[in-house]
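Undergrad: Sharing a model prediction with you, sequence too.
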Amino acid sequence: MKTRNKQSGFTPIEVILVVAVVAIVGLLGCIYYNNQVKKTASNSNSQISSQPAALSDVKSAPTINSVTDLDTAQVTLDQTDPGGTSSADTSRLDAELANF
């Protein structure tokens, strides 16, 4: 009677097949990801270019190092939002002013 040796592990063919499948799935995932990034970038570029000219002329906020910088920011907000409809900006400046 012949006894069989129990073998454990994978054969080289099985390892090659598993590596090939993982490589194919990874490649497809990479291609899909790159397409999504390109699509998102093109959508954001079209949204930026469709904004009104007034929004594209907005200056960046100055660095706040002192109370006079907060006053300058308040004046800038008042000029860009003369109606005062954005109370969130004003309340944020008031909170920063309270910290000084």
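TA: Arrived safely. Numbers count the residues shown, from 1 in each chain.

Undergrad: moving C-terminal of the lowest-mean-pLDDT helix or strand in the chain, what's the next helix or strand?
TA: Lowest on mean pLDDT, DSSP states H and E among the helices and strands of the chain sits helix 53-56, with a mean of 54. Using DSSP states H and E, the helix or strand that directly follows helix 53-56 along the chain is helix 67-80.

Undergrad: I'd like to know which elements that next one is packed against.
TA: Counting contacts by 3 or more CB pairs under 8 Å, 6 or more residues apart in numbering; DSSP states H and E, helix 67-80 packs against helix 87-99. To be clear about C-beta, it is placed using only N, CA and C from the backbone, and glycine gets the same treatment.

Undergrad: Report the inter-axis angle for the helix it packs on versus helix 67-80.
TA: Calculated by axes from the mean of the first three to the mean of the last three CA atoms, to 10 degrees, helix 87-99 forms an angle of 170 degrees with helix 67-80.

Undergrad: Point out where the protein drops to low pLDDT.
TA: Where the chain drops to pLDDT under 70, the residues are 1, 45-63, 80-89, 100.
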